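Trainee: Model the following, please.
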Amino acid sequence: MTKMIDIDPEESPRARFAYVLRHHRLAAKLTQKQLARRIGFSTSAVAMVETSKFRPSERFAELCDEVFGLEGVIARLYAEVWPPPPPVPAHFRDWAIEEQRATALRLWSPLLVPGLLQTEAFARRVFEREPGLTAEEIEARVTGRMQRRAILSRTDPPMIMCLIDEGVLHRPVGGAEVMREQLEYLLHMARHPRVTIQVVPYAAEALSGLIGAYAIAEMRGNAYTVRVEFQPRGRTITDRTTITEIINRYDAVRADAYPQHLSCKLIEEVVKQKWT
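Mentor: Predicted coordinates for the structure are as follows:
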């Protein structure tokens, strides 16, 4: 007999899918082996989905609905948990999906304005400076980045808590006009009721936390995945120990950050003194 593993549906979207799948399987009085035979998948695949260790296919979800006699319940949940990502590079798709379904995102950006808060001109210049990209690839990536911002226009946008190093305000990405527009956009977004922007001053000494950009995705107060940026592609991480370490580093950096009202004042001063 397969050992029953408790799943907390509030832990993550994937855990919620696992919990609902198991609930309907048990309600149908089917074992994992019986369900696997009916949908044409292995018993181990069903077991791994039910323990939140494996991402199923959309067809898996549709077949489960057929077996359980449901009207698309599992398929709709699948679409919520794994929505189609915006047009982004393959290595970034997993994180782009997490951005769409997270209820909160904590961002730390020591070198550039984070992608979710970039203007089109700023993003285009960033991609123009990436070696090897064609004009078509640049435009595709700009489009994908702008589509990612759509989460802030939803009726239920995630909370965005963004830490930006003071040096980001002074780095001349694209020149004065691009930087002025970008910083003014940050000020605009800081007025959004779900967005907090804080600047980490040059004097900050939380040295271990200052190294490298990362983003933390939360679901109902629970941090469940992290995107860590490094050359050349970055990585999406779900290991609980690593996530805890990164949260601790984020908190150390935030402890040295200016509060939002002082951060906005600093951004305004930089715009007037350097980019006007």
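Trainee: going forward, measure contacts between C-alpha atoms and count neighbours the same way
Mentor: OK.
Trainee: Low-confidence stretches in the stretch 51-200 of the chain?
Mentor: Across the stretch 51-200 of the chain, nothing is flagged by pLDDT under 70.
Trainee: Strands of that one, residue ranges please.
Mentor: For the stretch 51-200 of the chain, the strands defined by DSSP state E, counting those that start in this stretch cover 104-109, 159-165, 195-200.
Trainee: mind checking which of these is nearest residue 179?
Mentor: Residue 179 sits nearest to strand 159-165 of all the strands of the stretch 51-200 of the chain, at 14.5 Å, using CA to CA.
Trainee: Give the pairing partners of the closest one; include direction for each.
Mentor: Its sheet considered, strand 159-165 pairs with strand 104-109 (parallel), strand 195-200 (parallel) by DSSP bridges.
Trainee: returning to what we had before: redo the strands of the stretch 51-200 of the chain as TSV? Include mean neighbour count.
Mentor: Formatted as TSV, those follow (neighbours: other CA atoms under 10 Å):
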stretch	mean neighbour count
strand 104-109	23
strand 159-165	22
strand 195-200	23
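Trainee: With distance to residue 239 as added columns, please give the ones you listed in a markdown table.
Mentor: Output for the strands of the stretch 51-200 of the chain, formatted as a markdown table (distance: least, CA to CA, whole Å):
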| stretch | distance to residue 239 |
| --- | --- |
| strand 104-109 | 17 |
| strand 159-165 | 22 |
| strand 195-200 | 27 |
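Trainee: I'd like to know which of those strands is closest to residue 42.
Mentor: Taking the strands of the stretch 51-200 of the chain one by one with CA to CA, strand 104-109 is closest: 35.2 Å.
Trainee: List every C-alpha atom in the closest one, with coordinates, as CSV.
Mentor: C-alpha atoms of strand 104-109 as CSV (Å, rounded to 0.1, in the frame of the first residue of the first chain):
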residue,chain,number,x,y,z
ALA,A,104,3.3,38.4,-3.3
LEU,A,105,6.7,39.0,-4.8
ARG,A,106,9.7,40.3,-2.9
LEU,A,107,12.4,41.6,-5.2
TRP,A,108,16.0,42.6,-4.7
SER,A,109,17.9,44.3,-7.5
